[in-house]
Each structure stands twice: as structure tokens, then as C-alpha cells.
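**Q** Structure, please.
(one chain, ligands or ions: 1)
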Amino acid sequence: MPKRIVVLISGSGSNLQAIIDATQSGRIDGEVVAVLSNKAGVFGLERAANANIPTEVLDHKAFDSRESFDAAMMELIDSYNPDLVVLAGFMRILTPEFVRHYEGKMLNIHPSLLPKYKGLNTHQRALDAGDQEHGCTVHFVTEELDGGPSLVQGRVSIELDDTSDSLQQKVHVREHQIYPLAVEWICAERVSWSPEGLLFDGQPAPAEGIQFQP
Ligand code: GRF
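**A** Coordinates of the predicted model:
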């Protein structure tokens with residue numbers, strides 16, 4: 001049975017597009033059954049509509065608490081009966097209840113080589129630290145922000161003339177490679193989740209995630 005995927009976005013949705021493309025080509029044995037945004041009018045919603053995927057907008061500003069917003073999201077997401085929930089540029093902090101509800105079946109992509117640079121401004125922080133390498137990580141979501149088990153990482157080298165913007169662009173290229181890959185593996189049931197770590201094809205995955213080879 002193809003897996004049912006719900007994607008949460010807040011913006012342009014270029015990672016969403018990469019995942020849609022990989023479902024349409026048959027590489028991912030799954031279907032994006034809904035795209036939910038907390039912002040109306042974002043380009044990601046147009047991408048979903050162009051692919052004939054149902055869209056939902058739930059404006060967090062219409063709710064009086066994070067808890068009530070997350071409860072409404074859960075209800076909406078669960079109405080699509082997902083096997084996998086994919087955060088693709090979804091710019092909201094999630095409540096512990098929400099995270100626990102999707103434990104082991106919710107992924108996020110973060111623009112750094114976790115555990116380095118959790119949180120914001122990751123490209124500038126990598127530059128400021130004088131790092132020679134940077135990248136992105138697909139990880140399972142736990143209650144610790146950007147802290148759940150890593151599944152796959154994509155690396156880029158930092159050159160002397162790199163800026164935060166140029167790095168962001170380079171990292172985006174890797175994001176569009178590793179996010180569909182992670183979803184492909186999960187839909188093919190090659191990944192088993194536990195809070196202590198991941199198994200990939202029955203073997204413990206490296207703590208920093210499997211390294212993507214471009
Ligand atoms: C990506 O840079 C991702 O790392 C971060 O949010 C951004 C989403 O970009 N979590 P897009 O909306 O997929 O283009």
C-alpha cells in the first residue's frame with residue numbers, strides 16, 4: 001500500500017515540490033494526500049494545487065493558544081489518516097502533545113549538520129565559526145527542538161567567498177536531494193524508529209545520520 005503523506009508548510013515549499021516530484025515519478029511509494037499551511041497565499045499552496053493535492057490553511061493567529069492551534073491541526077491532519085507527517089519549512093514551534101502524537105512518524109529538515117546549530121541563522125553561524133563544511137539534516141521530530149534522531153545528512157563545502165545567501169542556496173540543493181530520499185526510505189519501510197536511535201535496513205544508523213553521497 002502506498003504510504004499516505006501529509007506535508008506542513010509556511011512558505012515557498014521547494015522541499016514540498018521535491019517530494020511531490022518523487023511521488024509522481026514513482027520513486028517514493030507514497031502519495032502526498034494533503035498540504036497544510038499556517039499561512040494563506042504562500043507559494044507552496046499553489047504548488048500543491050498544481051499537483052491536484054488538497055490544501056488546508058489553518059491560521060495560527062485565529063487561535064488563542066498554541067495548544068488550541070495544535071489540537072485543531074491534529075484533528076485536521078488525522079482526518080487524512082497519514083502514515084507520515086513531513087515538516088517542510090513549517091515555521092511554528094510545536095507543543096509536546098502534538099509531537100508525542102506523531103512520535104516516530106514525523107520528519108523535519110533542518111539547515112545545518114545537526115547536532116550543530118539548532119535553531120535559527122544556521123548559515124551565518126557556520127560562517128562565523130569558520131567551518132569548512134555545512135549542510136542539512138533530515139531528522140525525526142521529538143520534544144527537543146531540532147534534537148530528534150537524524151536519518152540523513154547532506155554536506156556542502158564552505159568556500160572563502162561564501163555568504164549566508166550563497167550558502168543557503170547551496171544547502172537548498174542538498175535539501176531537495178535528501179528530503180525525498182528520506183521519505184523514499186521510510187515509505188519503503190527501510191527505517192525503524194526508536195527514541196534511542198534508528199535502524200536502517202536492520203542495522204543501527206550512525207548518530208549523525210546516513211551521509212548522502214552526491
Ligand atoms: C528550508 O531551508 C528548510 O531547511 C527549513 O525551511 C526551509 C524551507 O524551504 N526548515 P522551502 O519552503 O521548502 O523552500
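**Q** For this structure, which segments are assigned as strands?
**A** All strands of the chain, identified by DSSP state E, fall at 3-9, 30-37, 55-57, 84-87, 106-110, 133-140, 150-157, 191-194, 197-200, 203-204, 210-211.
**Q** The last one pairs with which strands, parallel or anti?
**A** Applying DSSP bridges to the sheet, strand 210-211 is found paired with strand 150-157 (parallel).
**Q** near the ligand, anything from the partner strand?
**A** No - using C-beta under 6 Å from any ligand atom, we find that strand 150-157 stays clear of the ligand, coming within 10.7 Å at best. For glycine as for every other residue, the C-beta is placed from the backbone atoms N, C-alpha and C.
**Q** and whichever residue of the chain sits closest to the ligand, how far is that from S37?
**A** For the chain and the ligand, the shortest gap (C-beta to the nearest ligand atom) falls at G89, measuring 2.6 Å. Using C-beta to C-beta, to the nearest Å, G89 is found at 10 Å from S37.
**Q** residues shared between the contacts of these two?
**A** By the contact definition C-beta atoms under 8 Å, 6 or more residues apart in numbering, G89 and S37 are jointly contacted by I9, S10, G44.
**Q** coming back round to it: in contact with the nearest residue to the residue of the chain closest to the ligand once chain neighbours are set aside, which residues?
**A** Using C-beta to C-beta, 6 or more residues apart in numbering and skipping the chain neighbours, the partner closest in space to G89 is G11 (5.0 Å). By C-beta under 8 Å, 6+ apart, the contact set of G11 is K39, V42, F43, G44, G89, M91.
**Q** Next to the ligand, which bits of this protein? Give me the list.
**A** Counting by C-beta under 6 Å from any ligand atom, the residues of the chain close to the ligand are 9, 11-16, 44, 88-89, 109-111, 136, 175.
**Q** Out of the residues you listed, who's the most crowded?
**A** Of all the residues of the chain next to the ligand, the highest neighbour tally under other C-beta atoms under 10 Å goes to C136, namely 29 neighbours.
**Q** list the contacts for that residue?
**A** Counting by C-beta under 8 Å, 6+ apart, C136 touches I109, H110, P111, S112, L113, Q153, G154, V171, R174, E175, I178.
**Q** mind checking the longest helix of this protein?
**A** Counting residues, the longest helix found in the chain (DSSP state H) is helix 164-187.
**Q** which parts of that helix are buried?
**A** Of all the residues in helix 164-187, those buried under the rule 16 or more other C-beta atoms under 10 Å are 167-168, 170-172, 174-176, 178-187.
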